[in-house]
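Chemist: Need coordinates for the following:
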Amino acid sequence: MKSSMDNNSYTVDTIRLPLNKFLEQVAFNIVVTIVRRKQMIVHLNLPALIVGFFTLKVTAQKNLALEGEVRQSSTYKTFSAHLAIEGPANNYWNDGCSSTAAWKKTAWWGLLLPKLVYVTNIQIYYRGDRANRMNKFRLYLSNTTVGARDAFLCYTDLGISGYPDVTQDINCNNLTKNVYFFNRRSSARNGEGAFVELCYVAIYGCWKGTWGVDCTNQCPTYCIDEHCYPGNGSCIWGCKSSNCRDFKCDKNTGICTDGCKTGLVGHNCNNSYYNIASNGTATENPPNKSHPAYLSVDGNRSGSCSMTSGPNAHLQVDIGFTSIITMIYFTFGGSVPFNMDIYSVYCTNTSDFLKDGIVIYNGKRPTEDIHLYAVCRYVIYVPPIINGISNVDLCEIEIGGCPIGKFGGYCEMHCSENCIYGSCDVVNGICTFGCVDGWVGESCNEICTEEDVEKDGNIITALTVRYILRYIYVWCEQHASLESTSL
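Modeler: Next comes the predicted model:
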């Protein structure tokens, strides 16, 4: 009976660390892994030490060989196909290996999986004393049979001099349902012919649509067909670019690299807000003719950027109308550092942000959508002051919202005239502050009746009583606490 083997391998692409940092990181990773997994066999294969540095290769997928059905073209005695996935991971025949029968011109071993997987790499431990029988082997990935026309040839040993290594780790990086180890010979005389003798096989990857350790993470929704690389979650077939300017997006992040299509706004250009900055006027202080302010509202994230510097440098966008602002997204130029300094954004109706501006963002350099609710006409970006100087380097500022009184994907619809202050939600048109007298409903388009008045009155009465009782309860609790303290 073969001993069980841990079914996961943990890998990162080449990393170079100082020796003490490397050992510290390895120790930390082992502790975290033991806590998370509770059971795990950790294999560390450390290459040669080079001037105080280690180079480590790690993977982080699941051994899918344990998730499917194994078969082989024929079986020698009791050396069945499943012995190849039971372990241990070595080349010793006496520990148990799968084997096809003699006198065959072709031989194969296959893993049939229940659904599509993305295979990253395949580890093979062939019978150690029969490397000649492994010679000229091939690895196929197929959704049907080994000989199917759609079979993808992941690896072939053909044309390589000498016998192959009996232990191999082969990268495949392809989508499939089945994996086949295949070999053939022109003759099967003298009991030889084609053999497949596998002592251990591990097939690493993730189910389509998942990635990470144990494939527990879902691929990002911005990936085409939600299909991503198991190691890091990057999109394999690219990212959905229908909302992007010139259909360009980053497969690792889904960000529209050149900006959004007209009217769209946000990190992934998928927010239901109109970019009201695209119709606005930008100014910078002090002015810089070589990198003018309008470059920050031209809709192009990857083009030229607005740049200026000075003791109080800033950039202002005049939207043109007093507007409801629900989101802001910045694309910074290359000179803007990731540091602990404070970046500020002001909102005002007079353009004098130092006098009457309201701070709507104050924190580290923003890298995601800033969600907020503000009503103003001017938005002012103020970079941090470093050594007495502020540097504006802004490729694009996108402001999501609508002028007061409008809503919809392009702010083309009007809020109900029965909304208080004429204000409504910029996406769905629901009145923000309720209805004027005589009207009810989310959009305040229903005439108020006596029944509505009575209903609303009952609700208000109930809420009033509830808050009075709550106030009395809190007062009593505080009073009792004070008395016990004084005692």
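Chemist: show me where the stretch 101-250 of the chain has strands.
Modeler: With strands called from DSSP state E, counting those that start in this stretch, the stretch 101-250 of the chain shows them at 106-126, 138-142, 152-156, 167-184, 197-207, 210-211, 217-218.
Chemist: Pick the most buried one from these.
Modeler: strand 197-207 (a mean of 25; mean count of other C-beta atoms under 10 Å). Heads up, the C-betas are built off the backbone N, CA and C, glycines and all.
Chemist: same for that one, what does it pack against?
Modeler: Under the contact definition 3 or more C-beta pairs under 8 Å, 6 or more residues apart in numbering; DSSP states H and E, strand 197-207 sits against strand 61-63, helix 83-86, strand 98-99, strand 106-126, strand 167-184.
Chemist: And the next helix or strand past the first one?
Modeler: This means strand 61-63. Next along the chain after strand 61-63, taking DSSP states H and E as the criterion, comes strand 69-72.
Chemist: re earlier: of all the strands of the stretch 101-250 of the chain, which lies closest to A374?
Modeler: Proximity to A374, assessed across the strands of the stretch 101-250 of the chain by C-beta to C-beta, is greatest for strand 217-218 (33.5 Å).
Chemist: Now do the buried residues in whichever helix or strand comes after that closest one.
Modeler: Going down the chain from strand 217-218, the next helix or strand is strand 281-285, by DSSP H and E. For strand 281-285, a neighbour-count test (16 or more other C-beta atoms under 10 Å) marks A282, T283, E284, N285 as buried.
Chemist: Reformat those residues as a markdown table; add pLDDT and distance to M413.
Modeler: Listed next are the buried residues of strand 281-285 as a markdown table, based on pLDDT from 0 to 100; distance: C-beta to C-beta, whole Å:
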| residue | pLDDT | distance to M413 |
| --- | --- | --- |
| A282 | 96 | 27 |
| T283 | 96 | 30 |
| E284 | 96 | 33 |
| N285 | 95 | 36 |
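Chemist: so can I have a markdown table of these showing distance to L264?
Modeler: Below are those laid out as a markdown table (distance: C-beta to C-beta, whole Å):
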| residue | distance to L264 |
| --- | --- |
| A282 | 19 |
| T283 | 24 |
| E284 | 25 |
| N285 | 29 |
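Chemist: circling back: mind checking which of the strands of the stretch 101-250 of the chain is nearest G96?
Modeler: Distance to G96, taken as C-beta to C-beta, is lowest for strand 197-207 among the strands of the stretch 101-250 of the chain, at 7.3 Å.
Chemist: What's opposite the closest residue to T100 other than its chain neighbours in the beta bridge?
Modeler: With C-beta to C-beta, 6 or more residues apart in numbering as the criterion, T100 has its nearest non-adjacent residue at 4.2 Å, and that residue is A107. Here A107 sits in beta bridges with N183, going by DSSP bridges.
Chemist: one step back: any chance of the strands of the stretch 101-250 of the chain in TSV, with mean pLDDT and distance to S304 too?
Modeler: Formatted as TSV, the strands of the stretch 101-250 of the chain follow (pLDDT from 0 to 100; distance: least, C-beta to C-beta, whole Å):
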stretch	mean pLDDT	distance to S304
strand 106-126	96	39
strand 138-142	96	46
strand 152-156	95	44
strand 167-184	96	37
strand 197-207	97	41
strand 210-211	96	36
strand 217-218	94	37
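Chemist: tally of neighbours for I224?
Modeler: 15 (other C-beta atoms under 10 Å).
Chemist: any idea what sits nearest it, other than its immediate chain neighbours?
Modeler: W237 (4.2 Å).
Chemist: distance of that neighbour from K251?
Modeler: 8 Å (C-beta to C-beta, to the nearest Å).
Chemist: Which strand or helix spans D393?
Modeler: D393 belongs to strand 389-403, assigned by DSSP H and E.
Chemist: Only the buried residues of that strand, if you could.
Modeler: Those would be 390-403, for strand 389-403 by 16+ other C-beta under 10 Å.
Chemist: Cool, thanks, signing off.
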